[in-house]
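K.L.:
fold the stuff below for me.
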Amino acid sequence: MPTLHVCPLSRLKETVASVGPSHMVSLLGVGASVERPDIIPPDRHLVIGVSDIVEPMDGHVLAGPEHMERLLAFVRAWDRDAPLLFHCWAGISRSTAAAYIAACALAPERDEGELALALRAAAPSATPNARFVALADERLERRGRMVEAIRAIGRGAEAMEGAPFMLQINRG
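P.N.:
Now for the predicted structure:
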């Protein structure tokens, strides 16, 4: 069964070693760099340079439709033969939003609220970036249901960084 995994940057190496992903998405501020693990070919590593913000702020990059298009195209091209790994700096906001978005995009028959509850159960500290979710909701034509589902689970538990976790795409 295809799985999505999320971790903070500080736990990237150990997470890659334990889950063996075939694809990876790095969501970091512009100018930040990450060393691509050897098991991930360059064409299977997407880097999206955006800040963890929800409205414009000087010196930062606000996620826009072009970032969401790149994320959705990458996720849809994933062959699902091995896990897909998302990471950001803390593993709490950008990467949890991206994993939720991927689950919604790849399992359109699943209820947005059900997926949000699965995210909360898997990651108590998850606080998905509201801007990311709103952009995806519009692009996936979910009519506000993704935004409402994430709002309904509320802010995650306080944490400096999230623990690595797995989210199943299909019911299991």
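
K.L.:
on the C-terminal side of the helix or strand hosting E66, identify the next helix or strand.
P.N.:
Of the helices and strands defined by DSSP states H and E, E66 is found in helix 65-77. Per DSSP H and E, helix 65-77 leads on to strand 84-88 as the next helix or strand towards the C-terminus.

K.L.:
helices or strands up against that following strand?
P.N.:
Judged by 3 or more Cβ pairs under 8 Å, 6 or more residues apart in numbering; DSSP states H and E, the packing partners of strand 84-88 are strand 3-8, helix 12-19, strand 23-28, helix 94-106. Any C-beta I mention is one placed from the backbone N, CA and C, and that applies to glycine too.

K.L.:
export those to CSV and tack on mean pLDDT and mean neighbour count?
P.N.:
Converted to CSV, the helices and strands packed on strand 84-88 look like this (pLDDT from 0 to 100; neighbours: other Cβ atoms under 10 Å):
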stretch, mean pLDDT, mean neighbour count
strand 3-8, 98, 24
helix 12-19, 98, 16
strand 23-28, 98, 25
helix 94-106, 98, 27
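
K.L.:
of those, which is nearest E161?
P.N.:
Nearest to E161 among the helices and strands packed on strand 84-88 is strand 3-8; the distance by Cβ to Cβ comes to 4.1 Å.

K.L.:
which other helices and strands contact the closest one?
P.N.:
Using 3+ Cβ pairs under 8 Å, 6+ apart, strand 3-8 sits against helix 12-19, strand 84-88, helix 94-106, strand 165-168.

K.L.:
what do you get if the cut-off is 10 Å, keeping everything else the same?
P.N.:
Judged by 3 or more Cβ pairs under 10 Å, 6 or more residues apart in numbering; DSSP states H and E, the packing partners of strand 3-8 are helix 12-19, strand 23-28, strand 84-88, helix 94-106, helix 112-122, strand 165-168.

K.L.:
sheet partners, orientation included, of that strand?
P.N.:
Strand 3-8 has its sheet partners listed here by DSSP bridges as strand 84-88 (parallel), strand 165-168 (antiparallel).

K.L.:
please work out which of those strands is packed deepest.
P.N.:
Comparing the strands paired with strand 3-8 by mean neighbour count (mean count of other Cβ atoms under 10 Å), strand 84-88 comes out on top with a mean of 28.

K.L.:
R70 against I48, yeah?
P.N.:
Yes. At 6.3 Å, R70 counts as touching I48 under the criterion of Cβ atoms under 10 Å.

K.L.:
who touches both of the two?
P.N.:
Common contact partners of R70 and I48 (Cβ atoms under 10 Å, 6 or more residues apart in numbering): V25.

K.L.:
before I go, just wanted to say thanks for your time.
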